[in-house]
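# Need coordinates for the below:
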Amino acid sequence: MSESIDRQEAPEEALPLDRGPARGRDPLRTCIVTRLTQSPEAMIRFVLGPDGTVVPDLRARLPGRGAWVTANRETVAAAVKRRAFNRAFKTNGASAPPDLPERVAEGLRTDMRQALALANKAGCLVTGFGKVESAILGAESVAALIHASDAMPDGRRKLAAALRRRHGEAISAIPVIDDLSNVELDMALGRDHVIHAALVAGAGTTGYLARWRRFRAFEGVASASKVDAPPGAGATAFDSHDDVMTLTRPGAPAAGRADDGSPQGSD
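Just a heads-up that it's a prediction; the model follows:
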């Protein structure tokens, strides 16, 4: 992709900024690095803070005129390296920190945790191995399966088997997500030892999957893998009816017990 960015890099003249979140009505935006014109949903908006620091505006709501960058890590890194924000904001005082891609990734990760908390409040989340298995095998099944990234393989295999019994060859339509650690799931849901969870149909589920997909798109990670893939592999393919799109991989697995009360290795 780097060669593509080189070929499409914006010329020295600055691209026009948007007119701010309250007044901008143009449905498309132009990336300050690649010059590609896209929907804002496929991009990330940046604004200048009071001290001249370039700040990611993930929800495109911050005041001031914004510069837009294609929503992937490589393009944001290229914008920092090539001082594209200085040209876009027409100032030499725009300070883009070297770790800007990491700040964006962490913001998207936080957004994903918050969306999971909202899905839980909306009644779209089931937790605990036994309850998740029952939901999978129930009349309506589940819209997505969630494992902590540090979940043990045995529990993953058993729930994968339940998905196969329920869906057969259509199993690829069920996302299996493992981007958040046990600690992050606990933080999002306000409870201890959440290892396995399932999302059922509802607005909260749609919102979470949108944020999850945006996060993975930013990291350049394909949202398709086998349902029984090894930990950290990601998720299965999505049906076309799912909404369009919210990495630092977590550290060592946390000690503790599974969310169904059994040791993590025995669920």
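
# can you confirm residue 198 is in a strand?
Yes. Residue 198 forms part of a strand when assessed by DSSP: H, G, I helix; E, B strand; the rest coil.

# so what pLDDT did it get?
What the model reports as pLDDT for residue 198 is 98.

# Please report the distance of it from residue 217.
Taking CB to CB, to the nearest Å as the criterion, residue 198 is separated from residue 217 by 23 Å. Heads up, the C-betas are built off the backbone N, CA and C, glycines and all.

# so after the lengthiest helix in the chain, what's the next helix or strand?
For the chain, the longest helix by residue count, based on DSSP state H, is helix 100-121. Remark: after helix 100-121, the chain's next helix or strand is strand 125-127, criterion DSSP states H and E.

# What's the first helix or strand after that following strand?
In N-to-C order, the element after strand 125-127 by DSSP H and E is helix 129-137.

# Give me the helices and strands touching that next one, please.
On a contact count with 3 or more CB pairs under 8 Å, 6 or more residues apart in numbering; DSSP states H and E, helix 129-137 meets helix 153-167, strand 196-199.

# what bits of the stretch 151-267 of the chain have low per-residue confidence?
Along the stretch 151-267 of the chain, segments meeting pLDDT under 70 span 222-267.

# what ranges do the strands span in it?
176-177, 196-199 (DSSP state E, counting those that start in this stretch).

# Tell me which of these is the most buried.
Most buried of the strands of the stretch 151-267 of the chain, by mean neighbour count (mean count of other CB atoms under 10 Å): strand 196-199, with a mean of 26.

# Could you check how far stretch 59-75 is from the centre of its chain?
16 Å (CA atoms, centre = their mean, to the nearest Å).

# For that stretch, buried residues please.
60, 62, 64-75 (16 or more other CB atoms under 10 Å).

# Spatially, which two of those are the most separated?
The largest separation in these, counting by CB to CB, is between 64 and 74 at 25.7 Å.

# Isn't residue 137 up against residue 166?
Yes. Using CB atoms under 8 Å as the test, residue 137 is close enough to residue 166 to be in contact (5.5 Å).

# So the two - more neighbours on which side?
For residue 137 versus residue 166, the count of surrounding residues by other CB atoms under 10 Å is larger for residue 166: 17 against 13.

# State the distance from that one to residue 196.
15 Å.

# Same check on residue 155?
6 Å.

# same thing with residue 89?
46 Å.

# got it, and residue 75?
For residue 75 relative to residue 196 (CB to CB), the value is 35 Å.

# How about residue 65?
For residue 65 relative to residue 196 (CB to CB), the value is 45 Å.

# With residue 211 instead?
20 Å.

# what do you get for residue 204?
Residue 204 sits 18 Å away from residue 196, going by CB to CB.

# same check, this time on residue 29
The gap separating residue 29 from residue 196 is 39 Å, by CB to CB.

# how many neighbours does the nearest residue to residue 107 once chain neighbours are set aside have?
Of all residues not flanking residue 107 in the chain, residue 58 sits nearest, at 5.1 Å (CB to CB, 6 or more residues apart in numbering). Residue 58 is flanked by 19 other residues according to other CB under 10 Å.

# Surely residue 58 and residue 106 touch.
No. Residue 58 is not in contact with residue 106 according to CB under 8 Å; the separation is 10.5 Å.

# OK, contacts around the closest residue to residue 19 other than its chain neighbours?
Of all residues not flanking residue 19 in the chain, residue 65 sits nearest, at 6.5 Å (CB to CB, 6+ apart). Residue 65 makes contact with 17-20, 47, 89, according to CB atoms under 8 Å, 6 or more residues apart in numbering.

# and which of those residues is nearest residue 133?
residue 47 (46.0 Å).

# ok so that closest one is a strand residue?
Yes. Assessed by three-state DSSP, residue 47 belongs to a strand.

# Residue numbering should commence at 16 henceforth.
From this message on, residue numbering opens at 16, which makes the last subject residue 62.

# So it is in contact with residue 76, correct?
No. Using CB under 8 Å, residue 62 makes no contact with residue 76, being 9.9 Å away.
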